[in-house]
Structures are given as C-alpha cells and as structure tokens.
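# I would like to see how this sequence folds:
(one chain, ligands or ions: 1)
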Amino acid sequence: MGDNTDEFNYESLETVAEFIRSKIPFSPKLLIICGTGMAGIPEVLDNPIVLNYNEIPTFPLSTVQGHAGKLVFGTLNGVKIVCMKGRFHYFEGYSIKTITKPIRIMKLLGVKAMFATNAAGSLNPKFQVGDIMVLRDHLNMLSFGGENPLRGPNDSRFGERFTPMNKAYDRQLIKIAHEVAKDIGLADNCHEGVFAIVSGPNYESVAEARALSILGADTVGMSTVPEVLVARHCGMAVFAFSFITNRCIVSYEENDEPNHRNILNVADQRSEKVKEFVCKIIEKSQERWL
Ligand SMILES: O=P(O)(O)O[C@H]1O[C@H](CO)[C@@H](O)[C@H]1O
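Here you go, the predicted model:
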C-alpha cells in the first residue's frame with residue numbers, strides 16, 4: 001500500500017503496458033470505464049479481444065458484484081477502444097494509487113480520452129431514478145481528507161506537479177452529450193451537475209446526504225473522481241456521467257434503503273439506452289480519437 005513503491009513507477013507501468021501490447025494488435029485511443037450495471041457497454045465493440053485482469057501482471061482484481069474484471073479491446077466507428085469491465089474502488093481496501101493504476105497504463109498504451117461511467121444516488125430532487133447526469137464538476141470528499149492519487153513525488157513523464165481541475169470535464173463532449181440525449185429521446189432525462197465521491201462502502205446517513213446536497217452535489221457515488229484526477233494529470237480528455245440508480249434518503253421519516261442489488265437491477269433495465277448514449281457520443285466526437 002506504500003505510495004511510491006516500484007509497482008507504481010514509470011518503468012513498472014511500462015512493463016505492464018508492454019505485456020498488453022504483446023497481446024493486442026492495436027493501440028487504443030479511448031478508454032471507457034464501465035460503472036456498476038454498465039457491463040453491457042463493451043457489447044457495442046466490433047472484433048472484441050478480452051484480457052482478464054488476472055492474466056495481466058500486477059493488475060488489481062475486481063471484487064465487487066457487477067464488475068467482471070476484464071479489459072475488452074475493440075473498435076466502434078473506426079475508433080480503437082478499450083473498456084474496463086470492472087473498476088476499482090477505495091472501499092475494496094485498495095490504496096488510492098492502486099485504484100487509479102490502470103489509467104496510467106492506458107496512457108502508456110496511447111489512450112487520449114477517458115469516458116467514465118458510474119451508478120450513483122441522486123441528491124437533486126429534480127432527478128429521477130433511471131436518469132443520466134453528465135458531470136460538469138465534482139466534489140472530492142476523499143481529497144478533502146488528504147487521500148489523493150497524485151500525492152507523492154511527481155513524475156513529469158506523466159504530467160505536471162499541480163493539476164487544474166476547473167476544466168476537468170471536456171466541455172465539447174458535454175455539449176455533444178446533450179445533443180445526443182435530445183436525438184435519442186432522453187432530453188428530459190439527461191441532466192448536468194456535480195458528482196460527489198465518498199469512500200463507501202456504506203451508503204450515506206441522512207445527515208451526510210443533506211450535507212452533500214448543501215455543499216452543491218447533485219449525485220453521490222464511490223468512484224470516478226480518482227480516475228479523473230489521474231487522467232487529467234496525464235493530459236487525457238475526460239467525459240463522465242452518473243446513471244441514477246437510487247434517490248439518497250434525506251428524511252428520517254422514509255423507510256426506503258438503498259441496496260446494491262436494486263442498483264444493479266435499475267442499471268440493467270436501462271442498459272440499452274445507456275449503450276446507445278455512449279455509442280452516439282463516440283460517433284459524434286469520432287474525429288478526435290482517430
Ligand atoms: O461507481 P460504480 O463503480 O458505478 O459503483 C457504485 O455502485 C456501488 C454501490 O452500489 C459502489 O461501488 C458505487 O461506487
């Protein structure tokens with residue numbers, strides 16, 4: 001779990017990238033991280049090639065239900081893509097560096113942009129379960145507590161010491177996402193807002209949900225933001241969205257409770273729409289990734 005062990009240095013990550021290069025006949029340009037319940041996204045790829053995480057030296061292993069632990073390489077409209085079917089979360093016990101390790105490996109493979117998806121609870125009363133919220137910004141509650149994957153010596157071969165975050169989410173891709181939502185009949189179900197990350201694995205207490213809302217968060221989840229920090233640090237364009245699987249409970253009078261099984265079910269029911277949304281955004285931004 002040490003921050004600066006050899007496992008994370010440039011040369012070690014390059015060894016992992018070289019292993020992947022030896023298995024895959026092309027260099028991916030776009031990384032898609034499949035959130036909980038979004039494991040169907042790689043089905044859109046032509047000529048898929050699968051690499052299991054446990055075949056890749058030093059790659060972490062998925063432990064969460066709904067996260068298979070596979071890299072799926074393929075193309076869509078000529079764009080060379082790699083999907084992470086299974087991401088890593090802080091609550092699994094991995095260090096913040098481990099959960100973001102794949103991002104730098106992907107950079108070494110040639111990836112220029114990251115599309116990150118997540119299942120999230122909604123804090124904004126205007127959002128419904130089944131809606132999408134495109135991330136305009138985030139609230140990094142882990143970093144407020146000092147946990148940041150960019151902490152430690154900076155290797156300038158990846159990026160600069162200090163990374164701005166005010167323009168983390170690519171504005172052209174956000175615009176395209178709204179256009180696509182309109183085109184596929186999701187205009188009323190596609191929002192834009194602020195995502196807050198908490199460590200989990202517990203869902204929020206009523207007081208926590210209320211506090212996050214007061215701080216300006218519209219959705220909350222347990223992933224994505226560390227990946228975004230590392231992707232921006234190494235110069236990738238970033239697009240992210242939350243798929244809203246549940247409402248956060250902000251009243252002591254409510255009997256409802258969030259649970260992972262329901263979250264998987266809700267995501268599963270809308271998986272075709274989510275796939276279409278992602279495909280069309282890639283199609284419309286295609287020239288940037290060729
Ligand atoms: O963020 P993803 O991986 O979509 O998963 C979300 O869903 C799980 C909780 O049900 C947590 O892992 C949370 O982060």
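# going forward, measure contacts between C-alpha atoms and count neighbours the same way
OK.
# what does the stretch 101-250 of the chain put close to the ligand?
Residues of the stretch 101-250 of the chain that fall close to the ligand, judged by C-alpha under 6 Å from any ligand atom: 118-120, 221-223.
# For the residue nearest the centre of the chain, give me its contacts.
For the chain, A116 is the residue whose C-alpha lies nearest the centre (C-alpha atoms, centre = their mean; 2.9 Å). Contact analysis of A116 by C-alpha atoms under 8 Å, 6 or more residues apart in numbering lists 32-35, 224, 238-241.
# what about 6 Å?
32-33, 240 (C-alpha atoms under 6 Å, 6 or more residues apart in numbering).
# In three-state terms, how would it be classified?
Classification of A116 using DSSP: H, G, I helix; E, B strand; the rest coil returns strand.
# Run through the bridge partners of it.
Note on A116: beta-bridge partners by DSSP bridges are I33, A240.
# out of the contacts of A116, which one sits closest to A68?
Checking those against A68 with C-alpha to C-alpha, the nearest one is I33 at 11.9 Å.
# Need the per-residue pLDDT for that closest one.
I33 is assigned 97 on the pLDDT scale.
# ok, back up a step: keep only those of the residues of the stretch 101-250 of the chain next to the ligand that are in helices.
With helices taken from DSSP state H, there is no overlap with these.
# Make TSV out of the residues you listed and add neighbour count and pLDDT.
Converted to TSV, those look like this (neighbours: other C-alpha atoms under 10 Å; pLDDT from 0 to 100):
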residue	neighbour count	pLDDT
N118	26	96
A119	28	95
A120	29	97
G221	22	98
M222	24	97
S223	26	97
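# List the ones among those that fall in strands.
In strands, defined here by DSSP state E, the members of those are 118-120, 221.
# Next, the buried residues of the lowest-mean-pLDDT helix or strand in the chain.
The helix or strand of the chain with the poorest confidence is helix 260-269; it has a mean of 88 (mean pLDDT, DSSP states H and E). Neighbour-count burial for helix 260-269 flags 260, 263-264, 266-268 (criterion: 16 or more other C-alpha atoms under 10 Å).
# same check, this time on stretch 209-220
Buried residues in stretch 209-220, counted by 16+ other C-alpha under 10 Å: 209-210, 212-213, 216-220.
# Ok, stretch 112-130 next?
In stretch 112-130, counting by 16+ other C-alpha under 10 Å, buried: 112-124, 127-130.
# what's the offset of that stretch from the middle of its chain?
Offset of stretch 112-130 from its chain centre (C-alpha atoms, centre = their mean, to the nearest Å): 10 Å.
# Likewise for stretch 74-92?
Chain-centre distance of stretch 74-92: 9 Å, with C-alpha atoms, centre = their mean.
# Show me what the mean pLDDT comes to for that stretch.
95.
# End to end on it, go ahead and measure it.
When the termini of stretch 74-92 are compared using C-alpha to C-alpha, to the nearest Å, they are 28 Å apart.
# Sweet, I'm off.
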